[in-house]
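Trainee: turn this into a structure:
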Amino acid sequence: MRASRNNEHISGAERIASASDMHKTVSELINRALSHEIGEPDEINISVESLKQEKIKKLKALNIATISVADYKQGRLCASKLLELIGISKKAIKMAVDYMENGAPPDKKNMRGAMIIDCKTGKRIEPDRYRGIRASRMDIAKEAEAKLTSTLKKAKINNPYIREAIVLATKVANAPDTIAEICWSDDPSYQAGYIASKRFGYVRFPYLKEKGSPFGGRAFFVDAKKIDLKKYINFLEQQAILITRIGRCKPPVNWNTFLNEAVIPAP
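Mentor: Below you'll find the model as predicted:
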């Protein structure tokens, strides 16, 4: 589902569903499009396509951690330090944050998709700087979703943003050549964001952007010298994945505790 107003993207979502659940699933997606906090769209596009079971790659969700921070400035400081530990240069981190904070596409609006950024130079290498790369064809199995919801409730961080972000972050982290991802929402009232990687899992920050900001987005960090960009984009956009198992979920901790508990291999 993709919803827009005045040709500007408002929201998007997708599901992998059985034929028997088709009507229910489409109805849920339409209701979601009509209830976005930014306002009602003037256009809603629903597309449906068949997927063969044997083509769906099954994955285990990333482990979940939360780093407690006082505000978005502290959140960005800790997020930047985490990205550096993973092997992202300060220059690349700064450029990604600047784009996300001020509007990533040339028209300085929100991108529908994600940026692909070289981990050393900060150079963007996605083919279309207006659209970005839209990770697609992903969902979580019903049993796994029930377990994930229960786990998030116990950690007192359960909401639709996190559940969907974990699915997307798991797919992106498992894509060949992804080193890390940074993301925060463009919804003005939602300040949380995350850093995701196979090394540290899904690391959530309650504050990663200033309250009321209409800007957000995501950036995938890669090594531009090693990546096969065509294959990378094809995996993100075409490979269907289904989360069938969930990872661990740790209670919120401060930055120093996180470092003491984490096993930090060399970049």
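
Trainee: could you export stretch 241-257 as PDB, CA atoms only?
Mentor: What follows is stretch 241-257, C-alpha atoms only, in PDB (Å, rounded to 0.1, in the frame of the first residue of the first chain):
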ATOM      1  CA  ILE A 241      11.400 -12.700   3.300                       C
ATOM      2  CA  LEU A 242       9.300 -13.900   6.200                       C
ATOM      3  CA  ILE A 243      10.300 -13.600   9.900                       C
ATOM      4  CA  THR A 244       9.500 -17.000  11.500                       C
ATOM      5  CA  ARG A 245      11.500 -16.700  14.700                       C
ATOM      6  CA  ILE A 246      12.200 -13.800  17.100                       C
ATOM      7  CA  GLY A 247      15.400 -12.800  18.800                       C
ATOM      8  CA  ARG A 248      16.100 -11.700  22.400                       C
ATOM      9  CA  CYS A 249      14.900  -8.500  23.800                       C
ATOM     10  CA  LYS A 250      16.900  -6.800  26.500                       C
ATOM     11  CA  PRO A 251      15.400  -4.200  28.900                       C
ATOM     12  CA  PRO A 252      16.500  -0.600  28.400                       C
ATOM     13  CA  VAL A 253      20.000   0.300  29.600                       C
ATOM     14  CA  ASN A 254      22.200   3.400  29.500                       C
ATOM     15  CA  TRP A 255      25.100   3.700  27.000                       C
ATOM     16  CA  ASN A 256      27.900   2.600  29.400                       C
ATOM     17  CA  THR A 257      25.900  -0.500  30.400                       C
END
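
Trainee: buried ones in it?
Mentor: 241-243, 246-247, 249-250, 252-253, 255 (16 or more other CB atoms under 10 Å). Backbone N, C-alpha and C define where each C-beta goes, glycine included.

Trainee: and which of these is nearest Ile64?
Mentor: Cys249 (4.2 Å; CB to CB).

Trainee: quick one: neighbours of the closest residue in space to the closest one that isn't next to it in sequence, just the number.
Mentor: The shortest distance from Cys249 to any non-neighbouring residue, by CB to CB, 6 or more residues apart in numbering, is to Ile64 (4.2 Å). Residues near Ile64, counting by other CB atoms under 10 Å, number 24.

Trainee: if we can go back for a sec, will you turn the buried residues of stretch 241-257 into CSV that also has secondary structure?
Mentor: Formatted as CSV, these follow (DSSP: H, G, I helix; E, B strand; the rest coil):
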residue, secondary structure
Ile241, strand
Leu242, strand
Ile243, strand
Ile246, coil
Gly247, coil
Cys249, strand
Lys250, coil
Pro252, coil
Val253, strand
Trp255, helix
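
Trainee: tell me which stretches of the stretch 101-250 of the chain form helices.
Mentor: 142-154, 160-173, 229-238 (DSSP state H, counting those that start in this stretch).
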